[in-house]
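Asks: I would like to see how this sequence folds:
(4 chains)
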Protein chains: 2
Amino acid sequence: MNPAVADLARDRSRLGRSSTAERVADILRDRISEGFFRPGQRLSEESISEALGVSRNTLREAFRLLGHERLLDHRLNRGVFVRLPSAEDVADLYRVRRVLEGAAVRRTPTPRQLAVIKEAVLDAERAAALDDWQGVGTANIRFHQAIATLNGSPRLDEAVRQLLAELRLVFHVMENPRAFHEPFVERNRALLALIESGRPDEAATYLDDYLDHAEHLLIRAYEPNP
Amino acid sequence: MNPAVADLARDRSRLGRSSTAERVADILRDRISEGFFRPGQRLSEESISEALGVSRNTLREAFRLLGHERLLDHRLNRGVFVRLPSAEDVADLYRVRRVLEGAAVRRTPTPRQLAVIKEAVLDAERAAALDDWQGVGTANIRFHQAIATLNGSPRLDEAVRQLLAELRLVFHVMENPRAFHEPFVERNRALLALIESGRPDEAATYLDDYLDHAEHLLIRAYEPNP
DNA sequence: ACTTGTCGAATTGTTGAACGATCCTTACGT
DNA sequence: ACGTAAGGATCGTTCAACAATTCGACAAGT
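Replies: Numbering: from 1, shown residues only, chains lettered A, B, ... in the order given. Take a look at the predicted model:
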């Protein structure tokens, strides 16, 4: 086969994925992620389908997709709600993070992977300097996503992407984002240094402590405000 | 709260999840899992909706669910197909298994968890004695699912459940199930012994070799039969 | 023989309306 | 305070219709 044509094979994935339902799901996912739809809020089929100019059936297909990603909670005969994770959910999310990210930091990164991680650290530091704590949170998520890619597994990348999207729901119910995000800006850099210097065991130990700290902060933020 | 009433909480999950679309998804999932629908086969909306007595819209919601579980492949304007995993998919599935099951075997099991694992080992041995290699495959999957529960995370349990369901698709394209399943009956027992005796590092090492072996067998089975 | 253009059947993508089922609220009666 | 009944709103599901797309076949051109 023609080598120039074979190069096109990479773009093939862009062809198939663009049904209306999936595009609607993309829109809703973004809205949830940015906090436009708040956790716990109900999403009316009628009003949203009307607002987006799609039929209820198509919207329901989109809802199914997001429900499977744990961003929406589908309650029979009551409608879909933006998911509001419980304290037990938070604990489980961190259980998964310890496994997935813990395995990731034990791998030796390629220079390209390392560059992506470093860029995320820098973004967080820049946002912190501007007191943009929402931006710090976003950069933080990119940081951990970049770490997850060290596993070299598309499925694990996708799992981490969903997991962090779910975790972002938790951030939206917190009243004080600065208190939560601030301590981790410098921890990100420290973790990067351990990964970069090729000490996987120390990196893993540091990550465990990192995640413990983050989880305790979140859980504590849940108790005064159930 | 009444302790007898609290016991009912476990059945609560059965209440909500019973829309027609989800029940249809359950049926199709079982059919795919048992090989009634072969990998690569196209599932017609019209004929299946008619056969099950549900509308096309409802069936499409079910298709979305299974597509998200990677059991169906949804190609725009061409319909849904039972997923046919590629060799690269197999490699990635085993990448994930090494991470998730590797983390699991390093945990100390409760007596109850150990009992479930042991039961799966026995089931595989019983099926092997009867030359029921399909049954061995099923017991094998239960064995690894039971191992995954050692992580103590509902999300990881679900991830492993989906992962093994996807792997079962691979089994269905193999021509010789005995050659693949037979060697692992006694390996299951050996791995159980290592877990039971509280030697997590040895168990993890053994599991790595176990998964390497399984992956190589599968990949090799793919090459003569693309 | 190989590629390209065109046509038509079959299937999916999406819509809009309809109706029963279920839930929530409110009001009522005991 | 508690159980109940009525009403409205919304979801669950179906159905029919049409547009959009794919696919195979066949003709035409090189």
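
Asks: okay, buried residues for stretch A:174-184 please.
Replies: By 16 or more other C-beta atoms under 10 Å in any protein chain shown, the buried positions in stretch A:174-184 come out as A:174, A:180-181, A:184. C-betas here are computed from N, CA, C, even on glycine.

Asks: and which of those residues is nearest to residue A:105?
Replies: Using C-beta to C-beta, residue A:184 comes nearest to residue A:105 of the buried residues of stretch A:174-184, at 15.1 Å.

Asks: and stretch A:169-188, how far out from the chain middle?
Replies: 14 Å (C-alpha atoms, centre = their mean, to the nearest Å).

Asks: oh, that last question was meant for stretch A:55-63, not what I typed.
Replies: In terms of C-alpha atoms, centre = their mean, the centre of stretch A:55-63 is found 24 Å from the chain centre.

Asks: CA atoms only for it - export them in CSV, please.
Replies: The C-alpha coordinates for stretch A:55-63 follow below in CSV (Å, rounded to 0.1, in the frame of the first residue of the first chain):
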residue,chain,number,x,y,z
SER,A,55,-35.1,15.8,20.3
ARG,A,56,-35.7,14.2,23.6
ASN,A,57,-34.7,10.8,22.3
THR,A,58,-31.3,12.1,21.1
LEU,A,59,-30.7,13.9,24.4
ARG,A,60,-31.5,10.7,26.3
GLU,A,61,-28.8,8.9,24.3
ALA,A,62,-26.4,11.6,25.4
PHE,A,63,-27.6,11.2,29.0
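
Asks: contacts for it?
Replies: Contacts to stretch A:55-63, defined as C-beta atoms under 8 Å, 6 or more residues apart in numbering or on different chains, come from residues A:20-22, A:24-25, A:28, A:43, A:45-46, A:48-49, A:52, A:72, A:74, A:80, B:57, B:60-61, B:64.

Asks: just the buried subset of those residues, written out for PyMOL, thanks.
Replies: In PyMOL syntax, the buried subset of these is picked out as below (16+ other C-beta under 10 Å):
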select buried, (chain A and resi 21+22+24+25+28+43+45+48+49+52+72+74+80) or (chain B and resi 57+60+61+64)
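
Asks: what about the contacts of stretch A:55-63, which are in strands?
Replies: Counting by DSSP state E, the part of these found in strands is A:43, A:72, A:74, A:80.

Asks: pull the contacting residues for the last one.
Replies: I take that to be residue A:80. Contacts for residue A:80 (C-beta under 8 Å, 6+ apart) come out as A:42-43, A:45, A:63, A:66-67, A:72-74.

Asks: helix or strand for the nearest residue to residue A:123 once chain neighbours are set aside, which one?
Replies: Excluding its sequence neighbours, the residue lying closest to residue A:123 (C-beta to C-beta, 6 or more residues apart in numbering or on different chains) is residue A:139, at 3.8 Å. Residue A:139 is part of helix A:133-148, with elements assigned from DSSP states H and E.

Asks: so for that helix, mean pLDDT?
Replies: Per-residue pLDDT over helix A:133-148 has a mean of 96.

Asks: could you do stretch A:181-195 as well?
Replies: Average pLDDT, stretch A:181-195: 96.

Asks: just the buried residues of the lengthiest helix in chain A, please?
Replies: Scanning chain A for the longest helix, with DSSP state H as the assignment, gives helix A:200-222. Within helix A:200-222, the residues scored as buried using 16+ other C-beta under 10 Å are A:203-204, A:206-207, A:210-211, A:214-215, A:218, A:221.

Asks: how about the residues of chain A by chain B?
Replies: A:15-19, A:21, A:57, A:60-61, A:64-65, A:68-69, A:75-76, A:92-93, A:95-96, A:99-100, A:102-103, A:151-156, A:159, A:163 (C-beta under 8 Å from any C-beta of the partner chain).

Asks: and DNA strand C, which of those reach it?
Replies: Among those, the ones lying near DNA strand C by C-beta under 7 Å from any atom of the strand are A:19, A:21, A:57, A:61, A:76.

Asks: can you list the domain ranges for chain A.
Replies: Using automatic domain parsing, the domain parsing of chain A gives A:16-82, A:87-222.

Asks: does DNA strand D sit close to stretch A:40-57?
Replies: Yes: Stretch A:40-57 lies within reach of DNA strand D by C-beta under 7 Å from any atom of the strand, at A:42-46, A:56-57.

Asks: among the residues you listed, which one sits closest to chain B?
Replies: Nearest to chain B among the residues of stretch A:40-57 next to DNA strand D, counting by C-beta to the nearest C-beta, is residue A:57 at 5.0 Å.

Asks: quick one: pLDDT of the closest one?
Replies: Residue A:57 carries a pLDDT score of 95 in this model.

Asks: and if you look at residue A:222?
Replies: Reading off the confidence values, residue A:222 has pLDDT 76.

Asks: tell me where the model's unsure across chain A.
Replies: Applying pLDDT under 70 to chain A picks out residues A:1-17, A:223-226.

Asks: pick out the residue nearest the middle of it.
Replies: Per C-alpha atoms, centre = their mean, the C-alpha nearest to the average position across chain A is that of residue A:164, at 2.5 Å.

Asks: now that one: closest residue in space that isn't a chain neighbour?
Replies: Distances taken as C-beta to C-beta, 6+ apart put residue A:141 closest to residue A:164, at 4.8 Å, once the chain neighbours are dropped.

Asks: do the same with residue A:189
Replies: In space, residue A:189 comes closest to residue A:121 once its chain neighbours are excluded; the distance is 5.4 Å by C-beta to C-beta, 6+ apart.

Asks: ok, the residue nearest to residue A:164 to residue A:40 distance?
Replies: 21 Å (C-beta to C-beta, to the nearest Å).

Asks: equivalent analysis for residue A:115, please.
Replies: Separation of residue A:115 from residue A:40 (C-beta to C-beta) stands at 39 Å.

Asks: check residue A:20 too.
Replies: For residue A:20, the distance to residue A:40 equals 27 Å [C-beta to C-beta].

Asks: before we move on, what about residue A:178?
Replies: For residue A:178, the distance to residue A:40 equals 23 Å [C-beta to C-beta].

Asks: try residue A:214
Replies: Residue A:214 sits 22 Å away from residue A:40 when distances are taken as C-beta to C-beta.

Asks: for chain A, which residues are neighbours of DNA strand D?
Replies: Neighbours of DNA strand D within chain A, by C-beta under 7 Å from any atom of the strand: A:42-46, A:56-57, A:60, A:74, A:76-79.

Asks: buried stuff in the helix or strand hosting residue A:92?
Replies: For residue A:92, the host element (DSSP H and E) is helix A:87-105. Going by neighbour count (16+ other C-beta under 10 Å), the buried part of helix A:87-105 is A:89-90, A:92-105.

Asks: give me the residues contacting that helix.
Replies: A:85, A:144, A:147-151, A:156, A:159-160, A:163, A:166-167, A:170, A:191, A:194-195, A:200, A:203-204, A:207-208, A:211, A:214-215, A:218-219, A:222-223, B:99-100, B:102-103, B:151-156.

Asks: ok, stretch A:169-187 next?
Replies: Stretch A:169-187 is contacted from outside by A:32, A:35, A:38-39, A:71, A:82-85, A:89-90, A:93, A:124-125, A:128, A:131, A:133-134, A:136-137, A:140, A:206, A:210, A:213-214, A:217-218, A:221, A:225, using C-beta under 8 Å, 6+ apart.
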